[in-house]
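In: let's see this in three dimensions:
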Amino acid sequence: MKKIYIAAIGVLLIVCAGVVVYPYMYVDPYQKLREVIDLYSDGESERALVLLDHLLKKDPEFIEARVQRGVIYSDLGDARAIEDFDQLIRSDD
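Out: Just a heads-up that it's a prediction; the model follows:
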């Protein structure tokens, strides 16, 4: 009986967690890109870059995110801007 009780609690926790987590499972990448632009506008370049890295890890073909990251790197004088812009040019072929 004790095993059934523990199993029932486990199932209940999983169901409850699913209900709580479900709305946060999908995040609109364009909403996150707007957050990046706001962060960058507020002088939070490093935080913006972290978010852009995350977006590009999830979707390496997210062109708008790659452009924005290249712009931020360029403004910071970071040579990684060249890598982002080069990848954009190559992906256009």
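
In: specify the local secondary structure of residue 26.
Out: Classification of residue 26 into helix, strand or coil gives coil, according to DSSP: H, G, I helix; E, B strand; the rest coil.

In: what's the neighbour count on it?
Out: Residue neighbour count, defined by other C-beta atoms under 10 Å, stands at 7 for residue 26. Yep, even glycine has a C-beta here, placed from its N, CA and C like the rest.

In: and if you look at residue 65?
Out: Other residues close to residue 65 by other C-beta under 10 Å number 24.

In: so what's residue 69 up against?
Out: Residue 69 sits next to 49, 52-53, 56, 84 when contact means C-beta atoms under 8 Å, 6 or more residues apart in numbering.

In: most neighbours of all those residues, which one?
Out: Greatest neighbour count in these, by other C-beta under 10 Å, goes to residue 52: 25 neighbours.

In: now the element after the worst-scoring helix or strand of the chain on mean pLDDT, going C-ward?
Out: Least confident helix or strand of the chain, by mean pLDDT, DSSP states H and E, is helix 2-21 with a mean of 51. Toward the C-terminus, helix 2-21 is succeeded by helix 29-41 as the next helix or strand (DSSP states H and E).

In: using CSV, list the CA coordinates for that following helix.
Out: The C-alpha trace of helix 29-41 is given here as CSV (Å, rounded to 0.1, in the frame of the first residue of the first chain):
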residue,chain,number,x,y,z
PRO,A,29,12.4,33.8,-30.3
TYR,A,30,11.4,37.2,-31.7
GLN,A,31,10.2,38.2,-28.2
LYS,A,32,13.7,37.2,-26.9
LEU,A,33,15.3,39.2,-29.7
ARG,A,34,13.3,42.3,-28.6
GLU,A,35,14.7,41.7,-25.1
VAL,A,36,18.2,41.6,-26.6
ILE,A,37,17.6,44.9,-28.3
ASP,A,38,16.3,46.5,-25.1
LEU,A,39,19.3,45.2,-23.1
TYR,A,40,21.7,46.5,-25.7
SER,A,41,20.0,49.9,-25.8
